[in-house]
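Engineer: Sequence plus the predicted model coming up.
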Amino acid sequence: VNSALAKESVNVRAESTPTRRFSVPAAAWPNILRTNSASPSCQRKPSNEGPTVAGNTSVAQRKKDWRVGAIYPIIPGLLHFTSARTRPVTVGSNVCYFTSDFPKQYFPFCSDFGPVNLGIIVRFCELMRSKVKAAKSQGLELIFRSSEDLLIRTNSAFLVAAYLLLDEGYSPEEAIQPFQCISPYPFKPYRDATYAPADFELSILDCLRGLKKSVSLGWFNHRKFSLHDYERWDNPENGDL
């Protein structure tokens, strides 16, 4: 399976303007995407996700109610997140929806579902760099659409947060902040690779802190990471190292 994964081309679908599925008045669309950077930090803190971050104007800080199809700002004016089965309607020519199969590319041992491996993180960061560069040059706002599936949505949020940490220079706490401000918290903690009831939960923030630690120790550099070697030795046929 991993061998086939390594040979797959990047499966990314830029989503063109679809037929209307959600009724969003054209006049209201700019207000949906606009975020007031001076808005106060959200007060809610999901269990096992650590403290909220105050004073960071680069991320969305206003508490948002969870709703399938709602759009949540990640980098205000540039990048947004939504979870929906179908593509919401786009209004105007300055909005680009896109999605990726990377959050689905975790192959469980038992009841585990993630997080995705370092190779997928590196590939997702490459995708995001290209999307953000194109969006900035064309004056577009990006909306990353995740599946409604809880497990895939969790991996999607982790990948977006990992991009913020690795490419945008956010701290783990800052990277989780836009997702932390959604209530009720719509993501599932990771678990061990067994079929037994999970007695320990690993949050997205835990994973981000581990990723940050590996970077600070010089163990992981996503810009110099050898995808070829990693994906080769990750293949069970080559030792699953």
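Structural biologist: Okay, I see it. Numbering: from 1, shown residues only.
Engineer: so what's Met113 closest to, chain neighbours aside?
Structural biologist: For residue 113 the amino acid is Phe, not Met. Leu151 (4.2 Å; C-beta to C-beta, 6 or more residues apart in numbering). To be clear about C-beta, it is placed using only N, CA and C from the backbone, and glycine gets the same treatment.
Engineer: how near is the one you found to Gly239?
Structural biologist: 28 Å (C-beta to C-beta, to the nearest Å).
Engineer: so where do the helices sit in the protein?
Structural biologist: 2-7, 29-33, 118-138, 150-166, 172-180, 204-216, 227-234 (DSSP state H).
Engineer: Using TSV, lay out those together with mean pLDDT.
Structural biologist: Shown next, in TSV, are the helices of the chain (pLDDT from 0 to 100):
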stretch	mean pLDDT
helix 2-7	40
helix 29-33	43
helix 118-138	96
helix 150-166	97
helix 172-180	97
helix 204-216	97
helix 227-234	87
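Engineer: Quick one: closest of those helices to Thr194.
Structural biologist: Taking C-beta to C-beta, helix 150-166 is the member of the helices of the chain nearest to Thr194, at 16.2 Å.
Engineer: Off-centre distance for that closest one?
Structural biologist: 3 Å (C-alpha atoms, centre = their mean, to the nearest Å).
Engineer: Buried ones in that helix, by neighbour count?
Structural biologist: Neighbour-count burial for helix 150-166, counted by 16 or more other C-beta atoms under 10 Å, picks out 151-166.
Engineer: on that earlier part again, which of the helices of the chain is buried the deepest?
Structural biologist: Among the helices of the chain, helix 172-180 has the highest mean neighbour count (mean count of other C-beta atoms under 10 Å), at a mean of 26.
Engineer: Convert that one to CSV, retaining C-alpha atoms only.
Structural biologist: Output of helix 172-180 as CSV, limited to C-alpha atoms (Å, rounded to 0.1, in the frame of the first residue of the first chain):
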residue,chain,number,x,y,z
PRO,A,172,2.2,25.0,18.4
GLU,A,173,-0.2,27.0,20.6
GLU,A,174,-0.7,29.6,17.9
ALA,A,175,-1.1,26.9,15.2
ILE,A,176,-4.0,25.2,17.0
GLN,A,177,-5.6,28.5,18.0
PRO,A,178,-8.0,28.9,15.0
PHE,A,179,-9.3,25.4,15.5
GLN,A,180,-9.4,25.8,19.3
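Engineer: Remind me what it packs against, helices and strands.
Structural biologist: Counting contacts by 3 or more C-beta pairs under 8 Å, 6 or more residues apart in numbering; DSSP states H and E, helix 172-180 packs against strand 71-75, helix 150-166, helix 204-216.
Engineer: Would you convert those into a markdown table that also reports distance to Glu173?
Structural biologist: Shown next, in a markdown table, are those (distance: least, C-beta to C-beta, whole Å):
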| stretch | distance to Glu173 |
| --- | --- |
| strand 71-75 | 15 |
| helix 150-166 | 10 |
| helix 204-216 | 7 |
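Engineer: List just the one of these that sits closest to Phe98.
Structural biologist: helix 150-166 (11.9 Å).
Engineer: which other residues reach the closest one?
Structural biologist: 59, 74-75, 79, 81, 83, 102-104, 106, 113-116, 120-121, 124-125, 128, 144, 146-147, 170-172, 174-176, 179, 186-188, 190, 204, 207-208, 211-212, 215, 222 (C-beta atoms under 8 Å, 6 or more residues apart in numbering).
Engineer: Many thanks, have a good one.
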